[in-house]
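Trainee: Using only what follows, build the 3D model:
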Amino acid sequence: MAEKLSQSQIDALLSSMRGGGGAAPPQEEVPEKKYRKYDFKSPRKFTKDRLKMISGIYDNYSRIINTRINGLLHATCEVEVESVEEQRYYEFQNALSDSTVLTVAYLNMEGADEEDPVLFYVNAPVMVSMMDRMLGGNGNVDQDIGEDYEYTDLDLCVYESLMRELVGVMGESWNNYLQLGFDFGRVESNPTLVHLIGLEETVVLVDLKLKFPNCEGGVSVVLPGTMLMTLFTKINQETSARRTVGENRSDDIMGHLRGSSLDVVAELGRTTLRLRDIYNLNVGDVIDLSQKKDSAVFLRIGGNKWFDGLMGVSEKHLAVKIKQVYHHAERGDMQENE
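Mentor: Below is the predicted model:
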């Protein structure tokens, strides 16, 4: 039965409707949800997991070139991954100047498309510092060197020598996933006039930071999206193949194990004797196991209880008829309780 309102409640309700009642309780402000903007004109090709994988690969690459640069230039250098970002190629190209120098490299793997080169860009001050060290200097450079620095023919020869080293070891960073390599292509001194990658092509830009005692700068590696899709497809195939081989190998191992021999011990019972009693035992003495004659006999394998049963005779031989099978967890519990 519905509850009736009292007169006072009715009066308060009417008063509130006429506007004479107390102010309505303030409503709590609900914080506005913030949504990340998404550009439907530039859909993302790579998930966060894929970008994280690339970051890990080039973290390996940074350690490899760190060792290579230290040995080549006889200088202390720290290299680390600064960022990994997916973008359109025109976003990268718009930041280039007419005097920018790029290194072109190609993936060396069966099925790779040479139309999609990998590009390297090295910040001018750090490159000039490395070239100075290559030529016997101490790497000190003019702090006024900008991105419009124009390399001489000699500079470009040393530049190419350095980049061959950096390109040649990049394949090693992928060894945890695939066996591949990268071949040095050429040094391009006017990339804005040469069609290297389609302007709307998706690329992944990996920025590395190089830090010398007297200079620091960046190296950018531009990875074409189509090349990465090919590599990720190959990785998935390799992973699937390894999983299949591993499953087949497991079946083979289990097949061999099933045919192996194990010692099975039938335990009639246990008791505790003093050393003096054991020393005085003779033929014909009886040891009391505190077990009834029809008590269960435990079958042990590797010291663990696997079964229990009853002692009997089969074809004139002593035998045990299994009455209970213990699961792994039960066997472990029983072993702990003993």
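Trainee: quick one, strands of the stretch 201-338 of the chain?
Mentor: Using DSSP state E, counting those that start in this stretch, the strands found in the stretch 201-338 of the chain span residues 202-212, 215-224, 264-267, 297-301, 304-314, 317-325.
Trainee: what pLDDT, on average, does the last one get?
Mentor: What it means is strand 317-325. In this model, strand 317-325 carries a mean pLDDT of 85.
Trainee: Now for Asp148, how many residues are close by?
Mentor: Asp148 is flanked by 10 other residues according to other CB atoms under 10 Å. For glycine as for every other residue, the C-beta is placed from the backbone atoms N, C-alpha and C.
Trainee: Excluding residues flanking it in the chain, which one is nearest it?
Mentor: Computed as CB to CB, 6 or more residues apart in numbering, the closest residue to Asp148 that is not its neighbour in sequence is Ser99, at 5.1 Å.
Trainee: Show me what Glu78 bridges to in the sheet.
Mentor: Taking DSSP bridges as the rule, Glu78 bridges to Lys211.
Trainee: what's the answer for Val187, then?
Mentor: Note on Val187: beta-bridge partners by DSSP bridges are Thr103.
Trainee: need the contact list for it.
Mentor: Going by CB atoms under 8 Å, 6 or more residues apart in numbering, Val187 touches 101-104, 156, 159-160, 163.
Trainee: Which one (most neighbours) among the residues you listed?
Mentor: The most neighbours of any of the contacts of Val187, using other CB under 10 Å, belong to Thr103, which has 25 neighbours.
Trainee: Quick check: the gap between that one and Ser55.
Mentor: The gap separating Thr103 from Ser55 is 21 Å, by CB to CB, to the nearest Å.
Trainee: Same question for Leu14.
Mentor: 68 Å.
Trainee: Neighbour count: these two, which is higher?
Mentor: More crowded of Leu14 and Ser55, by other CB under 10 Å: Ser55, with 14 against 11.
Trainee: Run through the bridge partners of the closest residue to the more buried one other than its chain neighbours.
Mentor: Nearest residue to Ser55, sequence neighbours excluded (CB to CB, 6+ apart): Val84, at 4.5 Å. Legend: beta-bridge partners of Val84 under DSSP bridges are Val206.
Trainee: if I pick Val84, what's in contact with it?
Mentor: Val84 sits next to 51, 54-55, 58, 204-207 when contact means CB under 8 Å, 6+ apart.
Trainee: Top of the residues you listed by number of neighbours, please.
Mentor: Highest count within those by other CB under 10 Å belongs to Tyr58, 25 neighbours.
Trainee: ok, now how distant is the residue nearest the centre of the chain from Val313?
Mentor: For the chain, the residue sitting closest to the mean C-alpha position, by CA atoms, centre = their mean, is Met53 at 6.2 Å. In this view, Met53 and Val313 are 66 Å apart by CB to CB.
Trainee: related to what we said a few turns ago, counting contacts, what elements does whatever helix or strand the residue nearest to the centre of the chain lives in pack onto?
Mentor: Following DSSP states H and E, one finds Met53 within helix 48-73. Packed against helix 48-73 by the contact rule (3 or more CB pairs under 8 Å, 6 or more residues apart in numbering; DSSP states H and E) you find strand 78-88, helix 124-134, helix 153-168, strand 202-212, helix 225-258.
Trainee: model confidence over the second one, on average?
Mentor: When pLDDT is averaged along helix 124-134, the result is 90.
Trainee: What lies in contact with it?
Mentor: Contacts to helix 124-134, defined as CB under 8 Å, 6+ apart, come from residues 69, 72-75, 138-141, 143, 145-147, 149, 155, 158-159, 161-162, 210, 212, 214-219.
Trainee: buried set for it?
Mentor: Residues 124-133 are the ones in helix 124-134 that count as buried (16 or more other CB atoms under 10 Å).
Trainee: now the residues you listed as JSON lines including distance to Ser261?
Mentor: Output for the buried residues of helix 124-134, formatted as JSON lines (distance: CB to CB, whole Å):
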{"residue": "Ala124", "distance to Ser261": "73"}
{"residue": "Pro125", "distance to Ser261": "72"}
{"residue": "Val126", "distance to Ser261": "67"}
{"residue": "Met127", "distance to Ser261": "69"}
{"residue": "Val128", "distance to Ser261": "73"}
{"residue": "Ser129", "distance to Ser261": "70"}
{"residue": "Met130", "distance to Ser261": "66"}
{"residue": "Met131", "distance to Ser261": "70"}
{"residue": "Asp132", "distance to Ser261": "73"}
{"residue": "Arg133", "distance to Ser261": "68"}
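Trainee: Low-confidence ranges, the stretch 151-300 of the chain, go.
Mentor: 193, 241-251 (pLDDT under 70).
Trainee: The same query, at a cut-off of 90, please.
Mentor: Filtered on pLDDT under 90, the stretch 151-300 of the chain yields the residue ranges 151, 176, 178-179, 188-200, 212-217, 230, 233-300.
Trainee: what sits against Tyr177?
Mentor: 53, 57, 231, 235, 238.
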